Every structure is written in structure tokens, then in C-alpha cells.
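S.K.: Build me a model:
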Amino acid sequence: MRALASPPPLARILGAVALTPRTPAELARDLGSTEAALAGMLTTLHAGGYVQEAAPEQGACACGPCSLKSVCRNADGAAPTLSLLRLTPRGEAYLARHTAG
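M.R.: Residues are numbered from 1 along each chain as shown. Presented below is the predicted three-dimensional model:
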């Protein structure tokens with residue numbers, strides 16, 4: 001019987017962000033890590049176009065037509081801008097490739 005392989009670290013991080021926009025502190029807690037340990041990976045994911053900041057713009061969410069807008073803390077602009085991350089289309093494609101059963 002073959003053991004199931006765990007997803008690559010990038011897929012684990014992207015999977016956590018895919019559920020709902022997350023702050024680095026929330027990601028660290030959910031992944032059993034520290035913000036310091038995730039900082040480099042998040043910078044790499046952002047630079048590679050896999051995640052982006054989810055922040056309000058004047059009257060509209062920076063996420064554009066985001067399907068998570070109804071649960072996003074920053075969508076209405078009432079809360080101060082938080083450092084929230086969300087997946088980009090490139091991040092969604094990567095996650096789909098690496099989590100398909």
C-alpha cells in the first residue's frame with residue numbers, strides 16, 4: 001500500500017491562503033510555524049505572482065472580482081488596511097496542479 005505524499009510546502013501555504021485572506025500571523029499559527037520562518041517564503045510567493053495584498057482601494061476591494069469579498073475584512077474599507085494575502089490566478093493554478101487527486 002502506497003502512502004499519500006504530503007503537498008509541497010508552497011502548496012500548503014497557498015492552500016491556507018485559498019481558504020480566506022490571511023495575515024502572516026494567522027498563516028504562521030495555522031501552519032504551525034512562525035512569522036519569521038514564513039517571511040521569506042511569502043516574499044518569494046509575492047514576487048513570483050502567486051499571492052497579492054488584499055486591501056481596500058477607494059470604494060472597492062483591490063482584489064477586484066474576488067469570490068471571497070463577502071467574507072473579507074477589508075472589502076468595505078471600514079477597517080484599517082491589514083496585511084492580508086490572497087491568491088492570484090497564478091497561485092490558484094499552482095495549487096490546482098499540486099493538490100489534484
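
S.K.: can you pull out the helices in this structure?
M.R.: 9-19, 24-31, 35-47, 89-99 (DSSP state H).

S.K.: So what touches the second one?
M.R.: Identification of contacts with helix 24-31 by Cβ atoms under 8 Å, 6 or more residues apart in numbering yields 12-13, 16-17, 22, 33-35, 37-39, 42, 83, 85. Backbone N, C-alpha and C define where each C-beta goes, glycine included.

S.K.: Just the buried ones out of those residues, please.
M.R.: 12-13, 16-17, 22, 33, 38, 42, 85 (16 or more other Cβ atoms under 10 Å).

S.K.: quick one: which of the residues you listed is nearest to residue 92?
M.R.: Taking Cβ to Cβ as the measure, residue 92 lies nearest residue 17 of these, at 10.0 Å.

S.K.: my guess is the closest one meets residue 86, correct?
M.R.: Yes. In terms of Cβ atoms under 8 Å, residue 17 counts as a neighbour of residue 86; the distance is 6.3 Å.

S.K.: overlap in contacts of the two?
M.R.: In contact with both residue 17 and residue 86: residue 51, using Cβ under 8 Å, 6+ apart.

S.K.: how far away is residue 26 from residue 89?
M.R.: Using Cβ to Cβ, to the nearest Å, residue 26 is found at 22 Å from residue 89.

S.K.: Having no further points to raise, I will conclude here.
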